[in-house]
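**Q** quick check, what structure comes out for this input:
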Amino acid sequence: MITRVHRRGSRVGGLLRYLWGPGKAEEHVNPHLVAAWDGAGPLADLEPEVTATGRRDFRGLTALLEQPVRAGYRPPKKFVWHASMRLAPEDRHRSISDTTWASMVEQMLTEVGVATTATDPGLRWIAMRHADDHVHIVATLVREDGRTNWLRNDYPRCVKATYNVARRYNLHRRVPPADRTAHRRPHPVEVSKARRTGRAQTPRDELRRRVRAAVAAAGSEEEFFARLREAGVLVRVRHSSTDPEQITGYAVALPGGHTADGQPVYFGGGRLAPDMTLSKLRLRWGTPKPLSAPTVGRAERVEAMRQAAAAVTAAAEEIRREARTAPGRAQATAVAAADLLTSLAYAVEGDRRGQLHRAAEVFDRAARDLYGRVRRATSRSQELRAMSRLVALMGRISGDDDAVAALALVMDLARLADALEDLRQAQQRLHQAEAARAVAGALQVVAAGRQQVVAPPLTPTPTPEPTVGGGRRAARGR
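**A** Coordinates of the predicted model:
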């Protein structure tokens with residue numbers, strides 16, 4: 001079950017006419033009320049009457065909902081709040097009665113702050129149903145005592161409240177609350193521009209991928225900036241206003257990504273991902289051990305893969321052991337493991353965005369800490385980071401021996417993803433647990449040989465249309 005918060009409006013009657021109407025494709029069947037604010041009286045008295053012409057008269061219900069707005073002190077221009085609660089496809093076979101829907105709606109709205117008891121002069125709202133799998137909620141944002149309830153942060157609060165309702169009623173699909181671990185998705189303007197210019201990815205996504213690879217292979221900011229420039233990325237550093245010798249931040253751009261007047265479009269690290277600011281990268285790197293340039297060859301590459309596999313096995317055991325006792329230490333290890341997978345993806349697939357690259361992107365989401373926080377490096381995370389740098393220095397896989405060693409490392413990383421899923425489940429961070437589960441499955445497919453280790457050239461595909469801002473961006477036809 002998920003609750004979708006629609007754009008706010010200023011016409012109660014227009015929205016009610018749409019909800020009780022036939023719908024855009026005659027999909028509205030038997031529209032009727034299932035719940036209303038405490039003190040509203042019987043639902044039968046609130047139901048819009050059918051007139052002699054066969055049309056419904058919404059004036060009475062509209063007047064009741066708008067009454068606090070008309071009497072309120074400086075009410076907002078857009079005072080109509082509209083949301084919908086919808087069952088997931090796997091739950092739609094369940095026959096949910098109007099009484100159950102009313103109970104679920106009231107519990108959700110009470111937790112959000114829309115529904116109150118009759119002793120509290122709160123908002124007026126109704127819940128109506130015109131389909132088996134969802135209900136609509138309409139509320140006016142002025143309380144009966146004249147004050148405005150702005151319902152700030154309503155969407156994340158509704159998602160959290162709906163998740164709690166779904167747990168109480170044992171529904172199959174439960175969308176957990178947002179955990180702020182996802183990176184910023186491209187704006188629709190960026191997506192449209194990428195399509196017009198024939199790019200497979202938006203500049204923001206491409207830069208995130210290149211910066212992540214440089215972070216995984218670097219041990220200091222000097223090496224990080226050098227790797228970015230070697231990868232063809234334009235780098236602009238920000239110096240301190242008090243100490244010109246001190247670097248306080250950075251921004252990156254693609255040579256081909258520019259404005260209409262030819263200026264490069266720069267993105268700061270924090271605009272790519274919440275944990276990619278320079279200060280957080282410094283904490284993430286810690287104090288790495290010096291790593292001299294190793295001899296590069298097939299035998300050395302195989303040995304590097306074996307060393308990395310041993311480090312990953314030990315790290316997976318440590319994550320399982322510390323999942324409940326010391327999650328902070330396990331967090332630093334998980335981030336370092338994500339860097340190792342990123343370096344391995346480049347060693348196997350190069351710049352081609354194959355299965356391992358996609359798994360590395362999802363692993364990065366599963367390993368990231370809440371709100372962009374970064375834990376201090378530990379001895380285990382430093383060991384994995386050293387293996388990540390070593391794999392990056394060894395270059396591309398070129399033969400059967402190192403391909404077999406790479407497959408063994410992929411399988412060990414799949415086991416570590418399983419351990420990371422256990423950690424996220426113990427922390428009740430369910431979005432990240434789902435991401436870790438997906439990574440483990442994808443890596444097992446690669447390790448089992450059902451996906452080629454050296455990926456063929458990929459056919460560029462257009463960047464998918466993002467959903468910006470969750471469900472709040474969908475405009476209603478009213």
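**Q** next, residue 50: phi, psi?
**A** phi -90, psi 120 (degrees, to the nearest 10).
**Q** and residue 5, by the same measure?
**A** Taking degrees, to the nearest 10 as the convention, residue 5 sits at phi -100, psi 120.
**Q** check what pLDDT it gets.
**A** Looking at residue 5, its pLDDT is 95.
**Q** which strand residues bridge it?
**A** residue 83 (DSSP bridges).
**Q** count of residues packed around it?
**A** Residues near residue 5, counting by other C-beta atoms under 10 Å, number 23. Using the backbone N, CA and C atoms, a C-beta is placed for each residue, glycine as well.
**Q** so it sits against residue 155, correct?
**A** Yes - the criterion here is C-beta atoms under 8 Å, and residue 5 meets it with residue 155 at 4.7 Å.
**Q** tell me how this structure divides into domains.
**A** With automatic domain parsing as the criterion, the domains of the chain are listed as 2-178, 188-285, 298-447.
**Q** how far is the last one from where the chain is centred?
**A** Right, domain 298-447. Computed by C-alpha atoms, centre = their mean, to the nearest Å, the chain-centroid distance of domain 298-447 equals 20 Å.
**Q** endpoints of that domain, how far apart?
**A** With C-alpha to C-alpha, to the nearest Å applied, domain 298-447 spans 20 Å between its terminal residues.
**Q** assign a three-state SS to residue 312, would you?
**A** Secondary structure, DSSP: H, G, I helix; E, B strand; the rest coil: residue 312 is helix.
**Q** hang on, it packs against residue 410?
**A** No - applying C-beta under 8 Å as the test, residue 312 and residue 410 come out as separate, 9.8 Å apart.
**Q** coming back round to it: any idea which of the domains of the chain is most buried?
**A** For those, average neighbour numbers computed from mean count of other C-beta atoms under 10 Å are highest in domain 298-447, which has a mean of 21.
**Q** let's check: the centremost residue of the protein is which one?
**A** In the chain, the centroid-proximal residue (C-alpha atoms, centre = their mean) is residue 182; its distance is 3.9 Å.
**Q** contact partners of the helix or strand containing residue 109?
**A** Counting by DSSP states H and E, the element that carries residue 109 is helix 98-112. The contact list for helix 98-112 (C-beta atoms under 8 Å, 6 or more residues apart in numbering) reads 3, 32, 34-35, 85, 115-116, 125, 127, 129, 135, 137, 139, 151, 154, 157-158, 160-162, 164-165, 168-169.
**Q** which residues in this protein form strands?
**A** In the chain, the strands defined using DSSP state E lie at 2-5, 32-36, 49-50, 56-57, 80-86, 124-129, 134-140, 234-239, 247-253, 267-268.
**Q** mind listing what the second one pairs with, with the direction of each?
**A** When pairs are called by DSSP bridges, strand 32-36 turns out to pair with strand 124-129 (antiparallel).
**Q** average pLDDT for the partner strand?
**A** For strand 124-129, mean pLDDT is 96.
**Q** redo the strands of the chain as JSON lines? Include distance to residue 326.
**A** Shown next, in JSON lines, are those (distance: least, C-beta to C-beta, whole Å):
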{"stretch": "strand 2-5", "distance to residue 326": "34"}
{"stretch": "strand 32-36", "distance to residue 326": "46"}
{"stretch": "strand 49-50", "distance to residue 326": "65"}
{"stretch": "strand 56-57", "distance to residue 326": "62"}
{"stretch": "strand 80-86", "distance to residue 326": "39"}
{"stretch": "strand 124-129", "distance to residue 326": "46"}
{"stretch": "strand 134-140", "distance to residue 326": "43"}
{"stretch": "strand 234-239", "distance to residue 326": "35"}
{"stretch": "strand 247-253", "distance to residue 326": "31"}
{"stretch": "strand 267-268", "distance to residue 326": "32"}
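**Q** out of those, which is closest to residue 69?
**A** Closest of those to residue 69 is strand 134-140, at 5.3 Å (criterion: C-beta to C-beta).
**Q** got a list of contacts for stretch 259-267?
**A** 203-204, 207, 234, 236, 251-255, 257-258.
**Q** any weak-confidence spans in the stretch 301-450 of the chain?
**A** 450 (pLDDT under 70).
**Q** for the residue nearest to residue 8 when sequence neighbours are not counted, give me its contacts.
**A** In space, and not counting its chain neighbours, residue 8 is closest to residue 78: 4.1 Å by C-beta to C-beta, 6 or more residues apart in numbering. Going by C-beta under 8 Å, 6+ apart, residue 78 touches 8-10.
**Q** hmm, 10 Å instead?
**A** Residue 78 makes contact with 7-11, 141, according to C-beta atoms under 10 Å, 6 or more residues apart in numbering.
**Q** ok, the closest residue to residue 88 other than its chain neighbours - contacts?
**A** Closest residue to residue 88 apart from its sequence neighbours, by C-beta to C-beta, 6+ apart: residue 173 at 3.1 Å. If you count contacts by C-beta under 10 Å, 6+ apart, residue 173 has them with 1-2, 87-91, 166.
**Q** ok, residue 227 touching residue 252?
**A** No - contact between residue 227 and residue 252 fails when scored by C-beta atoms under 10 Å: they sit 11.6 Å apart.
**Q** shared neighbours, those two?
**A** 210-211, 214, 233.
**Q** relative to residue 365, how far out is the residue lying closest to residue 442 once chain neighbours are set aside?
**A** Leaving aside its chain neighbours, residue 442 sits nearest to residue 359 (4.5 Å; criterion: C-beta to C-beta, 6+ apart). Residue 359 sits 11 Å away from residue 365, taking C-beta to C-beta, to the nearest Å as the criterion.
**Q** residue 30 now?
**A** As judged by C-beta to C-beta, residue 30 and residue 365 stand 42 Å apart.
**Q** what's near enough to touch the nearest residue to residue 231 once chain neighbours are set aside?
**A** Nearest residue to residue 231 in three dimensions, chain neighbours excluded: residue 210, at 5.1 Å (C-beta to C-beta, 6+ apart). By C-beta under 10 Å, 6+ apart, the contact set of residue 210 is 227-228, 231-233, 252, 254, 272, 351.
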